[in-house]
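S.K.: here's my sequence, what's the structure:
(one chain, ligands or ions: 1)
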Amino acid sequence: MNSEKNTIIFTLVYLGKEYPVHTYRNEYHSLMVLIADYLSLPGFGLCSGMGSCGTCMVEIKENYSPYTRHTLSCDVRVNDELANTIITIAEANY
Ligand code: FES
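M.R.: Sure, this is the predicted structure:
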């Protein structure tokens with residue numbers, strides 16, 4: 001098995017600063033868990049992925065698309081669909 005083939009690269013953005021991410025498919029249970037691990041943001045993911053707090057909101061932009069989508073990162077699996085995306089974490093409002 002070629003582990004290089006399974007590498008997923010994308011960019012997190014928080015408060016205007018970019019954080020490159022190199023990870024693997026399903027290395028994290030969800031995008032919310034990955035963000036919490038990478039950035040340790042106080043108050044982020046308060047309901048631990050139950051989908052009820054809204055603190056894990058992100059904006060996902062595909063690299064070659066003009067469109068973005070807003071979603072709860074606890075509902076997003078870490079897989080190839082995230083490759084080359086730019087994921088902006090909503091500024092904390094809690
Ligand atoms: S962690 Fe609470 S809604 Fe995602």
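S.K.: what's the most centrally placed residue in the chain in contact with, if anything?
M.R.: Centroid check for the chain by Cα atoms, centre = their mean gives residue 31 as the closest residue, at 4.2 Å. By Cβ atoms under 8 Å, 6 or more residues apart in numbering, the residues touching residue 31 are 58, 73, 74, 76, 77, 78, 82, 87. Every residue, glycine included, has its C-beta placed from N, CA and C.
S.K.: which of these fall in strands?
M.R.: Counting by DSSP state E, those place 58, 87 in strands.
S.K.: which of the contacts of residue 31 sits closest to residue 52?
M.R.: Among those, residue 74 lies closest to residue 52 (Cβ to Cβ), at 9.7 Å.
S.K.: wait, what's in contact with the closest one?
M.R.: With the criterion set at Cβ under 8 Å, 6+ apart, residue 74 makes contact with 30, 31, 32, 33, 45, 47, 49, 50, 51, 56.
S.K.: switch the cut-off to 10 Å
M.R.: When contacts are counted by Cβ atoms under 10 Å, 6 or more residues apart in numbering, residue 74 touches 29-33, 35-36, 45, 47-58.
S.K.: ok, back up a step: any chance of the contacts of residue 31 in CSV, plus distance to residue 7 and pLDDT?
M.R.: Converted to CSV, those look like this (distance: Cβ to Cβ, whole Å; pLDDT from 0 to 100):
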residue, distance to residue 7, pLDDT
58, 21, 97
73, 20, 97
74, 23, 97
76, 18, 97
77, 16, 95
78, 12, 95
82, 12, 95
87, 17, 97
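S.K.: which one of the contacts of residue 31 is nearest residue 12?
M.R.: Among these, residue 87 lies closest to residue 12 (Cβ to Cβ), at 5.3 Å.
S.K.: could you list the contact residues of the chain toward the ligand?
M.R.: 32, 45-47, 49-56, 72, 74 (Cβ under 6 Å from any ligand atom).
S.K.: any regions of this structure where pLDDT drops low?
M.R.: 1-5, 93-94 (pLDDT under 70).
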